[in-house]
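>>> The sequence and its predicted three-dimensional model are supplied below.
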Amino acid sequence: MRKAVFVLVVTLVVSLVLFCVHTVNAEVRGVTDKEIKIGAMADVTGPGADVYQGVIPGWRTYIQFINDRGGIHGRKIKFIIEDDRFSIPLALAAFKKLVYRDKIFAFSWAASGAGQTHAIIPLVEKEKIPIITGTNNSAYFIPARRYVFTTLPFYEDQIKIIFDYMWNDLKVNRPKIALLYMESASSRPVLQMVRELTKKHNAPLTEIVIPIAGLDMSSQVLLLKRANPDYVIIHGYIANTAAVLRDAKKFNLKSQIIAMQYGFVRKTVELARGAAKGLWGINSFGTSTDDSPAMAQLREIDKKYNPGAGYRDENYTQGWLCSMILCEGLKNAGKNLNSETLVEGWEKIKNFDTQGICGVINLGPDDHKTTNSSRIYKVDVENLSFIPVTDWRKAKE
């Protein structure tokens, strides 16, 4: 009798536990026993679309690779992308559509720019939806927001690395600096840090605004000719950076041009061709010609899933990394997946060596920035490739 009662009690307890676990998972938006819905917002057809032509295939290919290996804890990832066209109203609409209609669990990229990301953060925090962003304004991450992560080092840190390289490696002495920057939220920290560092080093500064989607930079380059700077830093995207390079060559500008992150990719060199000769810049991701283990694996997997796609630029690598970080967090979160366990799963990522995708990754409750490291590269125009002139570097305080 006692044995029968004991067996009955154990059975009831086990059944209750299993029921509770099933109920928890069933109540999590976008999560079933077999599938996880992940959303992303990108500029597919707007002024920054040239960047996302690389990023989006990077997202998709890594997810396809993981799904074909069985997914994460038996769940396949369903990836849903919405076009926000680099527009704040469209980003808000895309967020609501993905969350309330498609019922996604988390964002692997939200949204296409700094202003768009800033606009959705209150909704992210209200709904407690974990997101990885493609922007890196430090104001969004200091102090760390529980549900908001980024795949990039801060733009301020990249400017610090550029200035450190100029003053400590190149040994410059009061050079004249010009900053070309877009009228966008992402430019504010760049402009602030360049002003701060030129003042610190007593270096003259010229500031010139460039359009986000501009293809003719004649007037901006003529302003540069008048200022005659020694170094020109461009905070731009692909098309507008290439346009500056072409017009700089056309008007025989002699300044050393330095491109930043999203504008310093192979597509820029393809568009500028000979005008990119002498260009150098900064990027926080490995290039497709790197011989590192991870970049070799990336090329092999991409060839399998996208035969004939050709060269993949550094924006593709960033998309790949974004999906890689998503999946590492999902693995760490375990089978009982919800918003809190995913955040904790990302925060458990420590000393994660990406084998060449980027620098070593360390996340935690107070640091939601995936990488702190960037490299300085110079362009090999003939081979359409980037040659590292530094190892991975972190900003010096």
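All right, it came through fine.
>>> How much space separates the most centrally placed residue in the chain from residue 58?
Central residue of the chain (Cα atoms, centre = their mean): residue 134, 3.7 Å from the mean position. Look at residue 134 and residue 58: by Cβ to Cβ, to the nearest Å, they are 11 Å apart. In this view, the C-beta of every residue, glycine as well, is placed from N, C-alpha and C.
>>> Then residue 149 would be within a strand, right?
Yes. Residue 149: assigned to a strand according to DSSP: H, G, I helix; E, B strand; the rest coil.
>>> Now the element after the helix or strand of the chain with the lowest mean pLDDT, going C-ward?
When the helices and strands of the chain are scored by mean pLDDT, DSSP states H and E, helix 2-27 comes last with a mean of 46. As assigned by DSSP states H and E, the chain's next helix or strand after helix 2-27 is strand 35-42.
>>> and that next one, which residues are buried?
Residues of strand 35-42 classed as buried by neighbour count (16 or more other Cβ atoms under 10 Å): 35, 36, 37, 38, 39, 40, 41, 42.
>>> And the average pLDDT for it is what?
The average pLDDT for strand 35-42 rounds to 97.
>>> List the contacts of the helix or strand that it is followed by.
Note on strand 35-42: by DSSP H and E, the next helix or strand toward the C-terminus is helix 49-68. Residues from elsewhere that reach helix 49-68 (Cβ atoms under 8 Å, 6 or more residues apart in numbering): 38, 40, 42-44, 72, 76-77, 79, 81, 108-109, 112, 134, 237-239, 262, 265, 267, 301-302, 305-306, 309, 312-324, 327.
>>> mind listing which of those residues are in helices?
Taking DSSP state H as the definition of helices, the contacts of helix 49-68 contribute 238-239, 267, 301-302, 305, 314-324, 327.
>>> which of those count as buried?
In those, burial by neighbour count holds for 238-239, 267, 301-302, 314-324, 327, counting by 16+ other Cβ under 10 Å.
>>> Any regions of this protein where pLDDT drops low?
Filtered on pLDDT under 70, the chain yields the residue ranges 1-26.
>>> from the chain's centre, how far out does stretch 195-214 sit?
The chain centre lies 23 Å from the centre of stretch 195-214; the measure is Cα atoms, centre = their mean, to the nearest Å.
>>> cool, and stretch 229-236?
22 Å.
>>> Likewise for stretch 310-318?
Its chain's C-alpha centre lies 12 Å from the corresponding centre of stretch 310-318 when counted by Cα atoms, centre = their mean.
>>> do the same with stretch 200-215
23 Å.
>>> So which residues of this protein form strands?
For the chain, the strands defined by DSSP state E cover 35-42, 76-83, 106-109, 131-133, 148-150, 177-182, 205-210, 231-235, 256-259, 280-283, 373-380, 385-388, 393-394.
>>> From the rest of the structure, what touches the first one?
Contacts to strand 35-42, defined as Cβ under 8 Å, 6+ apart, come from residues 30-31, 52, 55-56, 59, 63, 71-72, 75-84, 91, 94-95, 98-99, 102-112, 116, 326, 330, 337.
>>> next one: the second one
The contact list for strand 76-83 (Cβ under 8 Å, 6+ apart) reads 34-46, 56, 59-60, 63, 66-67, 71, 90, 94, 97-98, 102, 104, 108, 326-327, 330.
>>> at 6 Å what do you get?
Residues outside strand 76-83 that contact it (Cβ atoms under 6 Å, 6 or more residues apart in numbering) are 35-42, 44-45, 63, 67, 94, 98, 102.
>>> What is the nearest of those to residue 346?
Nearest to residue 346 among the contacts of strand 76-83, counting by Cβ to Cβ, is residue 38 at 13.6 Å.
>>> Quick check: the closest one vs residue 105, distance?
Distance check for residue 38 against residue 105: by Cβ to Cβ, it reads 6 Å.
>>> got the phi/psi numbers for the nearest residue in space to residue 335 that is not next to it in sequence?
Distances taken as Cβ to Cβ, 6 or more residues apart in numbering put residue 73 closest to residue 335, at 4.9 Å, once the chain neighbours are dropped. The phi/psi pair for residue 73 (degrees, to the nearest 10) reads phi 50, psi 40.
>>> Near residue 73, how many other residues are there?
For residue 73, the neighbour count with other Cβ atoms under 10 Å is 14.
>>> what's near enough to touch the residue nearest to the centre of the chain?
residue 109.
>>> try the one 3 residues further on
For residue 137, the contacting residues are 114, 189, by Cβ under 6 Å, 6+ apart.
>>> at 8 Å what do you get?
Residue 137 makes contact with 114, 117, 118, 154, 155, 185, 186, 188, 189 under the criterion Cβ under 8 Å, 6+ apart.
>>> Repeat that for residue 337.
For residue 337, the contact set (Cβ under 8 Å, 6+ apart) comprises 25, 28, 31, 36, 73, 75, 105, 330.
>>> what about residue 364, how many neighbours?
By the criterion of other Cβ under 10 Å, residue 364 has 12 neighbours.
>>> which one is it nearest to, not counting chain neighbours?
Spatial nearest neighbour of residue 364, excluding adjacent residues (Cβ to Cβ, 6+ apart): residue 347 at 5.4 Å.
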